[in-house]
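Q: what shape does this take:
(one chain, ligands or ions: 3)
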Amino acid sequence: MEVRTRAPGKIILSGEHAVVHGSTAIAAAIDLYTHVLFRLPAPSENHESIELELKDMGLVFSWPSRRLEEAFTAIDIIPSTLETCSPDCLKLIASLVEEKNIPEDKIWLSSGICAFLYLYISVHRFKPAMVAITSELPLGSGLGSSASFCVSLAAAFLSLTEVISIADEKNGWLTLNKSNLEIVNKLAFEGERIIHGKPSGIDNTISTFGRLIMFKSGELIQIESTIPLRMLITNTKVGRNTKALVSGVSERVFRHPGAMHAVFTAIDFISKELASTIETPATSDISITGRENKIEELMEMNQGLLQCMGVSHDSIGTVLRATAKYKLASKLTGAGGGGCVLTLLPTLISSTVVDKVVEELESLGFKCFKAQVGGEGLQICYG
Ligand SMILES: Nc1ncnc2c1ncn2[C@@H]1O[C@H](COP(=O)(O)OP(=O)(O)O)[C@@H](O)[C@H]1O
Ligand SMILES: C[C@@](O)(CCOP(=O)(O)O)CC(=O)O
Ligand SMILES: [Mg+2]
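A: Numbers count the residues shown, from 1 in each chain. Ligands and ions are numbered 1, 2, ... in the order given. Model prediction:
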């Protein structure tokens, strides 16, 4: 039995970090995916382990099924689907991952591998399996690779159970109905918890459902943009870790609760205003340029408040200054601390100006690309 899944990365247009503390945020799916191939071998194959292949990195990890079963039985914990991983269970999983001697320069993969083991065991226990993963996303750059990893794995594992069933077909890919997507999203969130520590759930939700969403306290509202929303994405290539940045913000909240709650409230207003600007009917009195100016101002305000939270970075500042020379507005996206920066490309901007901006940013050592915004979420294909 074999299944393939793919789940997209995302950009956050406004509200990252504040969303962890209950503010509204806006996110859109992008057309860069994590792909999973999952196979449950037939008994005749005599395959006796759970094998994970990270194809982009040329790494393979494997755990004998018997060894895993013994380790979990010894501490009397069998994770069950959709439950949060307990601290004891996570400790055991972390030790099973540590045994694999991950190369020092790839140690940041450990949390992803722990999430993999947890998601797998919680659905299929200790059944032998083969899982291969590739990703079009830069990992740890603010484009939600961790969530698309968890969503594509959760969907692959659940697809070979009775829990979910296929709803529809489009271009060779199958999609799930809303209630099945909710189950996948819930399981993926448990994986994201292992990677992020305290996730808001926005990343796994946009990766599962796709399109453009407004998100607050676990609830999503799908929104429709009436303007193109073309974004230039600049990867500063400065590595960072979402879990550490999220906990840094929580520490600042602990030190300055009043000021930080005022910041979160301001961001809540910014996200709501951004949503209504994006959704304004094309027939309204305000021109597209007028609305784009408003979006740019809101992006700048959000960036300033992210700075207040301590999650910007010199490299992000360099991108902001370079794009400001061309009168373009930018803000960090995702957890910040490096990673990716968004720049709105207004409808009337000429391709010559865009080429110049890209040339300047790349001459500074950054990598620029454009992604399609607001596309499909999770998709499945039985092999
Ligand atoms: N394709 C993948 N293979 C293995 N681990 C992955 C993959 N994609 C994401 N991860 C895990 O997610 C982590 C990056 O997540 P995070 O710091 O939240 O950044 P982002 O979600 O913005 O990419 C990686 O360090 C790794 O543990
Ligand atoms: C900072 C945050 O708002 C988004 C993190 O996104 P990413 O992992 O940097 O792609 C955290 C969260 O919402 O869980
Ligand atoms: Mg992440």
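
Q: and the helix or strand Cys381 falls within, how far from the chain's centre?
A: With the criterion set as DSSP states H and E, the secondary-structure element containing Cys381 is strand 379-382. Put simply, strand 379-382 sits 20 Å off its chain's centre (Cα atoms, centre = their mean, to the nearest Å).

Q: write out the residues of the protein neighbouring ligand 1.
A: By Cβ under 6 Å from any ligand atom, the part of the chain that sits against ligand 1 consists of 34, 54, 108-109, 111-112, 133, 135, 139-146, 149, 195-196, 241-242, 334. Where you see a C-beta, it was placed from the backbone N, CA and C, and this is true even at glycine.

Q: tell me who's in contact with Ala244.
A: Applying Cβ atoms under 8 Å, 6 or more residues apart in numbering to Ala244 gives the contacts Gly337.

Q: please tell me how far the closest residue to Phe215 other than its chain neighbours sits from Ile12.
A: In space, and not counting its chain neighbours, Phe215 is closest to Ile202: 4.5 Å by Cβ to Cβ, 6 or more residues apart in numbering. Plainly put, Ile202 is 7 Å away from Ile12 if you go by Cβ to Cβ, to the nearest Å.

Q: cool, Ile166 as well?
A: For Ile166, the distance to Ile12 (Cβ to Cβ) stands at 30 Å.

Q: hang on, the earlier thing: out of the residues of the chain next to ligand 1, who's near ligand 2?
A: The subset of the residues of the chain next to ligand 1 within reach of ligand 2, by Cβ under 6 Å from any ligand atom, is Gly142, Leu143, Gly144, Ser146, His196, Thr242, Gly334.

Q: about what we covered before: are any of the residues of the chain next to ligand 1 buried, and which?
A: The neighbour count (16 or more other Cβ atoms under 10 Å) marks 34, 54, 109, 111-112, 133, 135, 139-146, 149, 195-196, 241-242, 334 as buried among the residues of the chain next to ligand 1.

Q: now, which of these lie close to ligand 3?
A: If you filter these for contact with ligand 3, counting by Cβ under 5 Å from the ion, you are left with Ser146, Thr242.

Q: which of the buried ones among the residues of the chain next to ligand 1 fall in strands?
A: Thr34, Leu54, Ile133, Ser135 (DSSP state E).

Q: those residues: which two are farthest apart?
A: Among those, the pair separated by the greatest distance (Cβ to Cβ) is Thr34 and Leu54, at 10.9 Å.

Q: tell me, what's touching these two both at once?
A: Taking Cβ under 8 Å, 6+ apart as the criterion, Thr34 and Leu54 both touch Ile133.

Q: show me the contacts for whichever residue of the stretch 201-350 of the chain sits closest to ligand 2.
A: Nearest to ligand 2, among the residues of the stretch 201-350 of the chain, is Gly334, at 2.9 Å (Cβ to the nearest ligand atom). Contact criterion Cβ under 8 Å, 6+ apart gives Ile11, Ile12, Glu16, Ser141, Gly142, Leu143, Gly144, Thr242, Cys340 as the residues in contact with Gly334.

Q: now do the phi/psi pair for the last one.
A: Spelled out, that is Cys340. Note on Cys340: backbone dihedrals following degrees, to the nearest 10 are phi -100, psi 150.

Q: shouldn't it be in contact with Gly142?
A: Yes - proximity of Cys340 to Gly142 meets the contact threshold set by Cβ atoms under 8 Å, at 4.4 Å.

Q: show me where the stretch 1-150 of the chain has helices.
A: Counting by DSSP state H, counting those that start in this stretch, residue ranges of the helices within the stretch 1-150 of the chain are 65-74, 87-98, 110-124, 145-159.

Q: so which of those helices is nearest Phe254?
A: Phe254 sits nearest to helix 87-98 of all those, at 21.3 Å, using Cβ to Cβ.

Q: so what's the most centrally placed residue in the chain up against?
A: With the centre of the chain defined as its mean C-alpha position, the nearest residue by Cα atoms, centre = their mean is Gly144, 2.1 Å away. When contacts are counted by Cβ under 8 Å, 6+ apart, Gly144 touches Gly9, Lys10, Leu137, Asp203, Ile206, Ser207, Gly334.

Q: circling back: of Ile166 and Ile12, who's got more company?
A: Legend: neighbour count by other Cβ atoms under 10 Å for Ile166 and Ile12, higher for Ile12 (28 against 13).

Q: hmm, Lys331 and the more buried one touching each other?
A: No - the pair Ile12 / Lys331 is not scored as a contact, 9.1 Å apart, by Cβ under 8 Å.

Q: quick check: residues of this protein near ligand 2?
A: 16-17, 19-20, 142-144, 146, 196, 199-200, 202-203, 242, 246, 334-335.

Q: if we can go back for a sec, Serialize the contacts of Gly144 to JSON lines and add fields for pLDDT.
A: As requested, the contacts of Gly144 are arranged in JSON lines below (pLDDT from 0 to 100):
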{"residue": "Gly9", "pLDDT": "98"}
{"residue": "Lys10", "pLDDT": "98"}
{"residue": "Leu137", "pLDDT": "98"}
{"residue": "Asp203", "pLDDT": "98"}
{"residue": "Ile206", "pLDDT": "98"}
{"residue": "Ser207", "pLDDT": "98"}
{"residue": "Gly334", "pLDDT": "98"}
